[in-house]
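A.B. asks: Quick one, structure for this:
(one chain, ligands or ions: 3)
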Amino acid sequence: MVLTKNIMSTKFEISDDFIAEQNKKCEEFLAEDFEYLAKKLKRKNIEIEKIVGKAQNFQVAVPSWGVGTGGTRFARFPGVGEPRGVYEKLEDCATINKLVRSTSAVSLHIPWDKPESVDELNSFAKSKGLKFDAMNSNTFQDQLGQKHSYKFGSLSHADQDTRRQAIEHNIECIEIGRQIGSQALTVWVGDGSNFAGQTNFRRALENYLESMREIYAAIPADWRMFIEHKFYEPAFYSSVINDWGTSYICARELGEKAFCLVDLGHHAPNVNIEQIVSRLIQFEKLGGFHFNDSKYGDDDLDAGSIKPFQLFLIFNELVDAELGGLPDFNPSYMLDQSHNVTDPIESLATSAVEIVRAFVQAHLVDREKLTEAQRKGDAITALAILKEAFTTDVSAILAVARERGGGAIDPVAVYRASGYRAEKAKERPAQIGISAGII
Ligand code: AFD
Ligand code: MN
Ligand code: MN
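C.D. replies: Ligands and ions are numbered 1, 2, ... in the order given. Below is the predicted model of the structure:
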């Protein structure tokens, strides 16, 4: 459901003054920790202010669908005060950004977030200090009244009319995106098969590519197209865009505006994701990320909650490329999580902090020493260099960066103290059939 005009009326917000007031509680301890860390880093010739600046400039986008409770294929346990439409989702996204000041962009999913009025959406987002990141199309689900079903696929479907419908939907996403200042389209398809022999692998990929060529032709010159791979689910025997190899080949086939998107949950267990990232960087096809964490599959758990060292190692590759001045290196960062047992605002705020943490820690790696250790074949020293950066507690840097931007020293504590969720529960009475269901 799309809320119109009345959304503009006064709704509860966490004010800047409230955040500043709450910050006073921990300013003294933060100053102590920061001073200590500054001295510690100085010993290694690292200027703490430079790192604070890096943290302040880092941005990770929030997915509109992440602010609702996700659910599993068994059940969804709705949270109180859940957003009921795109405007309320934006309200929650703005709240996350107020707390952490590093999530000023939101990634929309169409048709879940299809606005009735683009102008109204734009001015609302602007009033909340938000902009729009990549657009996401949805051809993994049938919509009410839809002519052709995606039960057996979309862009790769054996039937031409179904493919056409999926192509047109993606082009519509680009159209909406153009009007709201987005500059990317992320295409993830659930296409695949559940039985050996159900589809012809080659023909399905041919169909997909043929469809994607048409969508690619509609991508504006200053846009990028992201191809998101996933090895299984909803298809359990084969997925059409199953891995980074297939994604890379498709991106190359399509052209220079097409890139690969790495969702951390979309790989088989134990796969070396940081190496995949490195490969995509090397061949200039790394488009961006969907950050989350997982133990078994596409669990969509909070970023850095299960394998923080892996997250650090991914950022180690990214920072290595950034510092190496690789041409056109500009990956787009986004969270893609599903929250079942937490308040989504708390989870997304915490994840955003963890992403900046990994980024900052990767900036502490002594790259000269690392290169020297690699040259000598000194594996113990090489790992020790990485571990030294990874085990440095950079919390004070992150907190100072947030506070200087007007955000919270302790985002979750401030959020809880504000009573935001209880206020939203009053403003947003529970509603049957909230669209952003199981992700
Ligand atoms: C999927 C994919 C993809 C998709 C999202 C939405 O990660 O990013 O857009 O969930 O449901 O698993
Ligand atoms: Mn994803
Ligand atoms: Mn996923």
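A.B. asks: what residues are up against the closest residue to ligand 2 within the stretch 301-439 of the chain?
C.D. replies: Ligand 2 sits closest to Asp336 of the stretch 301-439 of the chain, with a gap of 3.8 Å, by CB to the ion. Where C-beta positions appear, they are placed from N, C-alpha and C, glycine not excepted. Neighbouring residues of Asp336 by CB atoms under 8 Å, 6 or more residues apart in numbering: Pro63, Gly66, Asp263, Gly265, His290, Phe291, Asn292, Asp300, Ile439.
A.B. asks: Ok, Ala20 next?
C.D. replies: Contacts of Ala20 by CB under 8 Å, 6+ apart are Gly406.
A.B. asks: is it fair to say it lies in a helix?
C.D. replies: Yes - assessed with DSSP: H, G, I helix; E, B strand; the rest coil, Ala20 lies in a helix.
A.B. asks: quick one: it from ligand 2, how far?
C.D. replies: To ligand 2, Ala20 is 35 Å away according to CB to the ion, to the nearest Å.
A.B. asks: what's the offset of stretch 285-299 from the middle of its chain?
C.D. replies: Put simply, stretch 285-299 sits 9 Å off its chain's centre (CA atoms, centre = their mean, to the nearest Å).
A.B. asks: which among the contacts of Asp336 are in contact with ligand 2?
C.D. replies: Contacts with ligand 2 within the contacts of Asp336, as defined by CB under 5 Å from the ion: Asp263, His290.
A.B. asks: Which one of the contacts of Asp336 is nearest to Asn57?
C.D. replies: Distance to Asn57 across those (CB to CB) is lowest for Phe291, with 17.6 Å.
A.B. asks: For that closest one, which non-adjacent residue is closest in space?
C.D. replies: Leaving aside its chain neighbours, Phe291 sits nearest to Ala303 (4.3 Å; criterion: CB to CB, 6 or more residues apart in numbering).
A.B. asks: pLDDT value on the one you found, please?
C.D. replies: Ala303 carries a pLDDT value of 98.
A.B. asks: what number of residues lie near it?
C.D. replies: 29 (other CB atoms under 10 Å).
A.B. asks: try the one 10 residues further on
C.D. replies: Leu313 has 21 neighbouring residues, counting by other CB under 10 Å.
A.B. asks: Where does it fall, secondary structure wise?
C.D. replies: Counting by DSSP states H and E, the element that carries Leu313 is helix 308-323.
A.B. asks: contact partners of whichever helix or strand comes after that helix?
C.D. replies: Once the chain leaves helix 308-323, the next helix or strand it forms, by DSSP H and E, is strand 332-335. Strand 332-335 is contacted from outside by 59-63, 66, 103, 107, 133-134, 184, 224, 226, 287-292, 303, 348, 351-352, 355, using CB under 8 Å, 6+ apart.
A.B. asks: Those in helices, which ones?
C.D. replies: Applying DSSP state H to those, the entries found in helices are Leu348, Ser351, Ala352, Ile355.
A.B. asks: Kindly reformat these as a markdown table containing neighbour count, pLDDT and distance to Ala217.
C.D. replies: As requested, the ones in helices among the contacts of strand 332-335 are exported to a markdown table (neighbours: other CB atoms under 10 Å; pLDDT from 0 to 100; distance: CB to CB, whole Å):
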| residue | neighbour count | pLDDT | distance to Ala217 |
| --- | --- | --- | --- |
| Leu348 | 30 | 98 | 35 |
| Ser351 | 28 | 98 | 35 |
| Ala352 | 29 | 99 | 35 |
| Ile355 | 26 | 98 | 34 |
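A.B. asks: pull the CA atoms of the helix or strand harbouring Ala401 into CSV?
C.D. replies: Per DSSP H and E, Ala401 falls inside helix 395-404. C-alpha atoms of helix 395-404 as CSV (Å, rounded to 0.1, in the frame of the first residue of the first chain):
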residue,chain,number,x,y,z
SER,A,395,35.4,1.3,17.7
ALA,A,396,36.5,4.7,18.9
ILE,A,397,37.3,5.8,15.3
LEU,A,398,33.8,4.7,14.2
ALA,A,399,32.1,6.4,17.1
VAL,A,400,34.0,9.7,16.6
ALA,A,401,33.2,9.6,12.8
ARG,A,402,29.5,9.1,13.6
GLU,A,403,29.4,11.7,16.3
ARG,A,404,31.1,14.3,14.1
